[in-house]
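**Student:** All I have is the shape, not the residue letters:
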Ligand SMILES: NC(=O)c1ccc[n+]([C@@H]2O[C@H](COP(=O)([O-])OP(=O)(O)OC[C@H]3O[C@@H](n4cnc5c(N)ncnc54)[C@H](O)[C@@H]3O)[C@@H](O)[C@H]2O)c1
Ligand SMILES: O=CCCC(=O)O
């Protein structure tokens, strides 16, 4: 059955303007005909045709500038989470392909790191222009493999591309230092140099932005990269890599391998040529990578899971708090590391907030991301739904009350009803861990001190949100929160110009902004002596 309404989204595309952000077919060897033609519906086939004619539907890995199958010919399927249909088969690569990708990245590093900052900047700028020129196709790919509504996917393209534009500019601003010397016959300099080959491992929830946020600064600094996208969403990464080649970024500077995650990860960790691992994903995998990087003492940056508190004080503007909390909670159907995970509401505003929030959540529309008006796509897979279900069951068994949703959506598959749960307590799974789904748990507090204790009562420390009209409280609470990002009266705070990253077990290092460059640079101190010699 055709589930993708081609006419509908064509109209949507034509109504969307070009960006201003603030905020098949190569067949792998064992298949002789393109998978899309064999396994998808008629409407899906026209989508495939459009993507295919754009040249952006790549289904091979990229090693040293060559589109490459797995050496043993094995493939893995990529599925549309909204329909369960297989949309492509991509190579199931492992250590051998990864080592070759590292080899090429290392060779290319020798030349790319010597290219002037001005030239690197120009290449990145061209890449940005191409990403924006292909916004529609990239948005389609994101919705196809990740499931988020097309409008949100197009927003991700703007957001993802913004990192390339920003770091194209930053490439020209890698300044060193001259330090006043303690001895008269010396001069002291600090040089900033690229770290070398970077292994970049990314998750499925932002198939483009979580890659560009890493690769943009890496290339800007003169590093080369081996990307391992999530096996659930590799098509967007491959399309972006194709555009990097079209932009003139040299073959070998951007490599993409996917397949056996732990084998690829181990190869990246073991290689002395890989000098930096940058990872976005779960805390559990981040810890493994951090331990593994010790073998060769690599630089590591980790963007891991969150457990964001969203604190609504009695003095908050109710409309602002409801609207912003809705955005912070239900972005990408709750599958965002900075999604509000615990909505902590002061007793004086609790009833009014719960009522207004419930009404707002009732207006969300669940469905296939390609259908017009849909705001909530499916969850990524069955495991994600099981996790949500187990958290909701745990809360109910401990006394929480479901006031909306609380079960799978009638659309079936991995669609889950937008859910609001009250009477949530801090011992419930919903409070302890990130639910990564469309479930909004409401907790009640009495005093500011209590709210801060509740908010900080977690190993995570990525994003937090507060709603208040008091300037003094804004400062006090922002300073007291053990988090890397704080939104005040705002639910969507990510931008390429500000540092993104967590404290505690949410990670190490920062991405985006001028600080994002430091992660890909080494400092070298040079001492020039004997200055008095004539
Ligand atoms: N802090 C952030 O910026 C941020 C952003 C997005 C997502 N996240 C977090 O990511 C998680 C969701 O993403 P996910 O389910 O893809 O996470 P995940 O940790 O399961 O996977 C992330 C990536 O790591 C790879 N991987 C898994 N095991 C590996 C191994 N042993 N060696 C090397 N690579 C391995 C996966 O294939 C994938 O590419 C959530 O916890 C979310 O909070 C964090
Ligand atoms: O999921 C995490 C990244 C989302 C963001 O950059 O705002």
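**Tutor:** It's in. As the structure is a prediction and not an experimental result, all values here were calculated from the model. Residues are numbered from 1 along each chain as shown. Ligands and ions are numbered 1, 2, ... in the order given.
**Student:** Counting neighbours, which bits of the longest helix anywhere in the chain end up buried?
**Tutor:** Criterion DSSP state H: the longest helix present in the chain is helix 150-170. Applying a neighbour-count criterion of 16 or more other C-beta atoms under 10 Å, one finds 150-168, 170 buried in helix 150-170. Placement of C-beta: from N, CA and C, glycine included.
**Student:** check contacts around the closest residue to ligand 1 within the stretch 101-250 of the chain.
**Tutor:** Ranked by C-beta to the nearest ligand atom, the top residue of the stretch 101-250 of the chain for proximity to ligand 1 is residue 203, at 3.1 Å. Each residue near residue 203 by C-beta atoms under 8 Å, 6 or more residues apart in numbering is listed here: 210, 230, 280-282.
**Student:** What subset of the residues you listed is buried?
**Tutor:** The buried subset of these - by 16+ other C-beta under 10 Å - is 210, 230, 280-281.
**Student:** And those residues, which two are furthest apart?
**Tutor:** 230 and 280 (9.7 Å; C-beta to C-beta).
**Student:** Give me the common contacts of these two.
**Tutor:** Residues touching both residue 230 and residue 280 (C-beta under 8 Å, 6+ apart): 202-203.
**Student:** how about the most centrally placed residue in the chain, secondary structure?
**Tutor:** Residue closest to the average C-alpha location in the chain (C-alpha atoms, centre = their mean): residue 210, at 3.4 Å. In three-state terms, and counting by DSSP: H, G, I helix; E, B strand; the rest coil, residue 210 is helix.
**Student:** per-residue confidence at it?
**Tutor:** Per-residue confidence at residue 210 stands at 98 (pLDDT).
**Student:** my read: it touches residue 280, true?
**Tutor:** Yes. Contact status for residue 210 versus residue 280: in contact at 4.7 Å, counting by C-beta atoms under 8 Å.
**Student:** hey, what's in contact with both of those two?
**Tutor:** In contact with both residue 210 and residue 280: 202-203, 303, using C-beta under 8 Å, 6+ apart.
**Student:** okay if I get these as a markdown table plus pLDDT, secondary structure and distance to ligand 2?
**Tutor:** Listed next are these as a markdown table, based on pLDDT from 0 to 100; DSSP: H, G, I helix; E, B strand; the rest coil; distance: C-beta to the nearest ligand atom, whole Å:
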| residue | pLDDT | secondary structure | distance to ligand 2 |
| --- | --- | --- | --- |
| 202 | 98 | coil | 10 |
| 203 | 98 | coil | 7 |
| 303 | 98 | strand | 7 |
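**Student:** which residues sit against stretch 124-134?
**Tutor:** With C-beta under 8 Å, 6+ apart, stretch 124-134 has contacts from 18-19, 54, 56, 138, 157-158, 160-161, 164-165, 167-168, 171, 208, 212, 216, 219-220, 239-240, 243-244, 246-249.
**Student:** Return the member of the buried ones among the contacts of residue 203 nearest to residue 533.
**Tutor:** Looking across the buried ones among the contacts of residue 203 and measuring by C-beta to C-beta, the closest to residue 533 is residue 280, at 51.3 Å.
**Student:** Can you tell me who the closest one pairs with across the strands?
**Tutor:** residue 303 (DSSP bridges).
**Student:** Would you enumerate the residues in contact with it?
**Tutor:** Neighbouring residues of residue 280 by C-beta under 8 Å, 6+ apart: 201-203, 210, 213-214, 302-304, 337.
**Student:** and the residue nearest to the centre of the chain, what is it in contact with?
**Tutor:** 202-203, 280, 303.
**Student:** Find the nearest non-adjacent residue to it, please.
**Tutor:** Take residue 210 and drop its neighbours on the chain: the residue closest to it by C-beta to C-beta, 6 or more residues apart in numbering is residue 202, 4.3 Å away.
**Student:** looking at it, that neighbour is touching residue 211, isn't it?
**Tutor:** Yes. Residue 202 lies in contact with residue 211 (C-beta under 8 Å); the separation is 5.1 Å.
**Student:** hey, what's in contact with both of these two?
**Tutor:** 227, 229, 237.
**Student:** for these, which one is nearest residue 75?
**Tutor:** residue 229 (15.2 Å).
**Student:** Run a quick neighbour tally on that closest one.
**Tutor:** 27 (other C-beta atoms under 10 Å).
**Student:** go on, residue 141?
**Tutor:** Around residue 141 there are 30 residues (other C-beta under 10 Å).
**Student:** and if you look at residue 457?
**Tutor:** 14.
**Student:** That one contacts residue 426, correct?
**Tutor:** Yes. Judged on C-beta under 8 Å, residue 457 makes contact with residue 426 at a distance of 6.1 Å.
**Student:** Helix or strand for the residue nearest to residue 181 when sequence neighbours are not counted, just tell me which one.
**Tutor:** Of all residues not flanking residue 181 in the chain, residue 188 sits nearest, at 4.9 Å (C-beta to C-beta, 6+ apart). Using DSSP states H and E, the element containing residue 188 is strand 187-194.
**Student:** Provide the secondary structure category for residue 465.
**Tutor:** Applying three-state DSSP: residue 465 is strand.
**Student:** With residue 526 instead?
**Tutor:** Per three-state DSSP, residue 526 ends up strand.
**Student:** Please report the distance of it from ligand 1.
**Tutor:** Between residue 526 and ligand 1 the distance is 35 Å, computed by C-beta to the nearest ligand atom, to the nearest Å.
**Student:** check contacts around that residue.
**Tutor:** By C-beta under 8 Å, 6+ apart, residue 526 lies in contact with 188-191.
**Student:** Select from those the one having the most neighbours.
**Tutor:** In the contacts of residue 526, the most neighbours by other C-beta under 10 Å go to residue 188, 16 neighbours.
**Student:** so what's that one bridging to?
**Tutor:** residue 179, residue 527.
**Student:** show me the contacts for residue 428.
**Tutor:** Contacts of residue 428 (C-beta under 8 Å, 6+ apart): 391, 394-395, 398, 400, 441.
**Student:** do that again at 10 Å, thanks
**Tutor:** Residue 428 sits next to 342, 391-392, 394-400, 421, 441, 443 when contact means C-beta atoms under 10 Å, 6 or more residues apart in numbering.
**Student:** now swap in residue 277 and tell me
**Tutor:** Applying C-beta under 10 Å, 6+ apart, the residues near residue 277 are 198-201, 265, 268-269, 286, 289-290, 292-293, 296, 298-302.
**Student:** where does it land in three-state SS?
**Tutor:** strand.
**Student:** now residue 374
**Tutor:** Going by three-state DSSP: residue 374 is coil.
**Student:** Look up how far residue 151 lies from it.
**Tutor:** 9 Å (C-beta to C-beta, to the nearest Å).
**Student:** Nearest spatial neighbour of the residue in the stretch 351-500 of the chain that ligand 2 sits nearest to, chain-adjacent residues omitted?
**Tutor:** Nearest residue of the stretch 351-500 of the chain to ligand 2: residue 494, at 3.1 Å (C-beta to the nearest ligand atom). Of all residues not flanking residue 494 in the chain, residue 500 sits nearest, at 6.2 Å (C-beta to C-beta, 6+ apart).
**Student:** in stretch 466-484, what's buried?
**Tutor:** Here stretch 466-484 shows 466-468, 473-474, 477, 481-484 as buried, counting by 16+ other C-beta under 10 Å.
**Student:** so when I look at residue 235, I'm seeing a helix, right?
**Tutor:** Yes. Under three-state DSSP, residue 235 falls within a helix.
**Student:** pLDDT value on the residue nearest to residue 181, please?
**Tutor:** pLDDT recorded at residue 188 is 98.
**Student:** and whichever residue of the stretch 251-400 of the chain sits closest to ligand 2, what is it in contact with?
**Tutor:** Distances between the stretch 251-400 of the chain and ligand 2 by C-beta to the nearest ligand atom are smallest at residue 337, namely 3.6 Å. The neighbours of residue 337, taking C-beta under 10 Å, 6+ apart as the test, are 203, 205-206, 210, 280-282, 303-308, 434, 436, 460, 462-463, 494, 500, 502, 506-507.
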